[in-house]
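1. Dropping the sequence and predicted coords here.
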Amino acid sequence: MRRVLFLVLISFNISFSQKIEVSVNKNPVLVGESFAISFSFDEKANNIDFNLSNNEYVKFLSGPNKSSSSSITIVNGKRESILNTTFTYYFKAIKKGEFIIPSASITYKKDIFSSNELRVQILDASNKQANNSFSNNLFVKAEISKKNVFVGEQLLVTYKLYNRYDLANTEMTKLPNLDSFWKKDLETSSRFKREVIDGVAYNVATIKKTVLTPQKDGTLLIDPIEIKCSIRTNNRSNDPFASFFNSYSVQEEFISSNPIKIKVKNLPRPVPKNYIGIVGSLKVESSVDKNTVKANDAINYKISFIGTGNLELLAEQKIDFPTDFEVYDAKIDERIFQGGLKRSVKTYEYLVIPRYEGKYEIPKCVFSYFDSKSGKFKEISSTAHKINAEKSEKFLQSSQTNSISKQLVSDNKKDIRHIKYDFNNNNKISNNSFNVIIFVLVLLSILSKYFFDYIKNIFQKDTRDNKLSKIRIKKAEKYLKKNDLTKFYEEIEKSMLLFFSEKLNIEIGDFSKEKLEDLMKRKKYNTEIQNQILKIFNDIEIARYSPMSDYEKSNELLNECVLVIKNIESNKK
C-alpha cells in the first residue's frame, strides 16, 4: 500500500511540474501588425491541439511551426537531460478590440496537459507611424506624481525612454540640478516593454526614478535629463560581400527631457513647537521589554515612527527619561520603502538603567506632523510606561553606610548650634572647653569611621564588580546554551562594560573604546591584553548588529571574556 501511494505521489509531482506555457511576442498589437503565439512544453511532444480560426479580430497566417531543444546538466555526478518543445502560430490583427487566445492541449504518456487562456489587446494604428522624424521615434519623458505640494511633501519623478530604433547603447550625460530638493534615487529595471501611445508602438524603459522633497516654497524647476543614444543603422550597398561584413553603422544622438515646474506652498502658520518635520501620514508606538527590574539592571525602550513621509530626515527626538536613569545612545533601525512613499518604519532603541530603587514613569511623548491630505497639523503620542525598580542587594552596602554617616554628621551639626561660649565666666570656660573636646572626639570618631569605610570600599570594589561580572557571564552562558544569541550578546556586553567601567573608573555613560584604550595605556596594561580587550569589544559591537549564527564562535567569545577578566585579576592591572 505504501509503495503504491509513493508511486502515485511521484506521478502527481511529475504531472504537476509539466505544463504548457503560452506567450505572445506583442501585446498590445496594432491593427495591421502580425504577431506570434507560442506554446512551450517541457517534454518531447509530436502534436498540439489548438483551434483559433479566423475571426473578426485576427487572420490566420501559418502554423504550427514546431521546434525542439535539449540540454544536459551534471550536478554532483547526477546527469539530467531537459527537453523542450515549442509550437508557434502566426496571425495578423485586423480589427480593434480584445480577444482571448483559447486553451491548447498536449497528450503526453496518456495524460492531457492544457495551457491557460491569454487576453490580447488590439489597438488602432495611427497615421503618426508614417512620420519618420527623429524626435517622434526616440525621446525621453519626465513624469511627475504631483505638481502642487507643500514644503517637505514628497513627490516622485520618473524618467522614461521611448524608442522605435535599434539601440546599441544609452548613457546619461547630464543629470538635473536639484538644489532646492532633498532627493532619493530608487532602483529601476532598464528592461524595455512594449507601450502604445496614440496608436504608435514604442519600446519603453524606465531609466531613472527619484523621490524629491522640496525644502523651500515657491515655483521650483526640475531641470531636464540628457541622454546619449547609440543607434544602429543599416548600410545599403550593392556589393553583397561589403554588406555581409559591414552590415550596420552606429550613429550617436543626444536627447533630453522637458523641464518641469512645480508649485510649493509653505506650511500654514503657526507651526506647532513639537512639529518633527514630517509631511505625510504618521503614527508613533513605544514599548519596554520589562516593567519591573532590579536597580542597576537594564531596560530596552523602543519608540517607532510608522507611516509615509520622509522618515530618513527624521531626527532623534527628546525623550524625558527620569533623572535617576542612565541612558545610552539610541540604536537606529530604518526600514524605508520607496523612499518613504510607501509605509515605512524608523525605530529608536534606548538602553536605560535605573540606578536607584523606586517607582518611575517614562512619560508619553507628544509630536506633531503635517497631514498632506487634510492640509492640517495633527498630533500623535506614544504610551507612558511605569517602571518599578526593586532593591538590588549587590549595591546596598555602600549606600547604607553613606546614609548613616550623613545622618550622624547632621545630628552633630544640630548639637553644635546649641553650644555657647562665655569667656567672661571662668566657670563656664572649663565646661565649654570640656564640651569642645567631647565634640572634637565624636567628630573624629565619625570621620575616621567614614574614612575607613571609604578605604574599605575601595579595596572591596574589585571583588564586588567581579561578582557582578560573573553573574552576568553566567546569565550569558545560559542564553548561549539555549541558542538565544541576542540576549547572550546583551549580557556579555553588560558584564564587560560593568567590569571595565569600575576597574578603570569610567562612568558607564561616558564609556567609549577610545577612552578605554587611553586608560589601559595609562594603567600600563600588557599590550597583548590591550589588543585582546579591544578585539572583544569590537566583536561584541559587530555581533549586536549582525549576530554570529555560529555557536562555536559565540562560545569562543565567551571564553575570551572569562580569560581576560582572570588575567587582569591575576596581574592586578
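-> Perfect, I can see it now.

2. Find the residue at the geometric middle of the protein.
-> Nearest to the geometric centre of the chain sits Arg335, at 3.6 Å (Cα atoms, centre = their mean).

3. nearest spatial neighbour of that residue, skipping sequence neighbours?
-> Excluding its sequence neighbours, the residue lying closest to Arg335 (Cβ to Cβ, 6 or more residues apart in numbering) is Val345, at 4.7 Å. Heads up, the C-betas are built off the backbone N, CA and C, glycines and all.

4. re the thing from before, tell me the contacts of the residue nearest to the centre of the chain?
-> Residues in contact with Arg335 (Cβ atoms under 8 Å, 6 or more residues apart in numbering) are Ser344, Val345, Lys346.

5. Asp518: which of the residues you listed is nearest?
-> Lys346 (34.2 Å; Cβ to Cβ).

6. can you point me to the longest strand in this structure?
-> strand 58-75 (DSSP state E).

7. pLDDT averaged over the next helix or strand after that one - what is it?
-> Next in sequence after strand 58-75, counting helices and strands by DSSP states H and E, comes strand 78-93. Averaged across strand 78-93, pLDDT comes to 81.

8. List the strands paired with the longest strand of the chain, with their directions.
-> strand 78-93 (antiparallel) (DSSP bridges).

9. Give me the residues contacting the strand it pairs with.
-> 29-45, 48, 50, 52, 57-74, 104, 122.

10. Put the buried members of the residues you listed into a PyMOL selection.
-> In PyMOL, a selection of the buried entries from the contacts of strand 78-93 looks like this (16 or more other Cβ atoms under 10 Å):
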select buried, resi 29+30+31+35+36+37+38+39+40+41+42+45+48+50+52+57+58+63+64+104+122
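
11. just to revisit the earlier point, tell me which entries of the contacts of Arg335 lie within strands.
-> Short answer: the contacts of Arg335 in strands (DSSP E) are Ser344, Val345, Lys346.

12. quick one on the thing from earlier: now the longest strand of the chain, how far from the chain's geometric center?
-> 45 Å (Cα atoms, centre = their mean, to the nearest Å).

13. just stretch 171-188 next, same as before
-> Taking mean C-alpha positions (Cα atoms, centre = their mean), stretch 171-188 and its chain are 22 Å apart.

14. Could you list the residues in contact with it?
-> By Cβ under 8 Å, 6+ apart, the list of residues contacting stretch 171-188 reads 206-216, 220, 222-228, 254, 256, 310, 312-313, 338-340.

15. rerun at 7 Å
-> Residues outside stretch 171-188 that contact it (Cβ atoms under 7 Å, 6 or more residues apart in numbering): 206-216, 220, 222-228, 254, 310, 313, 338-339.

16. Of the residues you listed, select the buried ones using a ChimeraX command.
-> Filtering the contacts of stretch 171-188 down to the buried ones (16+ other Cβ under 10 Å) takes a single ChimeraX command:
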select :206,207,208,209,210,211,212,213,214,220,222,223,224,225,226,227,310,313,338,339
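
17. so what pLDDT did Ile455 get?
-> pLDDT, Ile455: 50.

18. what do you get for the one 10 residues further on?
-> At Asp465, the model reports a pLDDT of 49.

19. Could you confirm Lys474 falls within a helix?
-> Yes. Counting by DSSP: H, G, I helix; E, B strand; the rest coil, Lys474 is located in a helix.

20. Next, count neighbours for it.
-> For Lys474, the neighbour count with other Cβ atoms under 10 Å is 11.

21. Would you mind listing the residues in contact with it?
-> Lys474 neighbours (Cβ under 7 Å, 6+ apart): none.

22. If we use 10 Å, what do you get?
-> Glu491, Ser495 (Cβ atoms under 10 Å, 6 or more residues apart in numbering).

23. Next, work out how far apart it and Phe50 are.
-> For Lys474, the distance to Phe50 equals 73 Å [Cβ to Cβ, to the nearest Å].

24. what's the answer for Ser62, then?
-> 13 Å.

25. Repeat that for Lys183.
-> The value you get for Lys183 to Phe50, if Cβ to Cβ is used, is 51 Å.

26. Likewise for Ser381?
-> From Ser381 to Phe50 the distance is 64 Å (Cβ to Cβ).

27. Over to Ser281?
-> Counting by Cβ to Cβ, the separation of Ser281 from Phe50 is 51 Å.

28. Kindly report the same for Asn435.
-> From Asn435 to Phe50 the distance is 121 Å (Cβ to Cβ).

29. Good, we can wrap up now.
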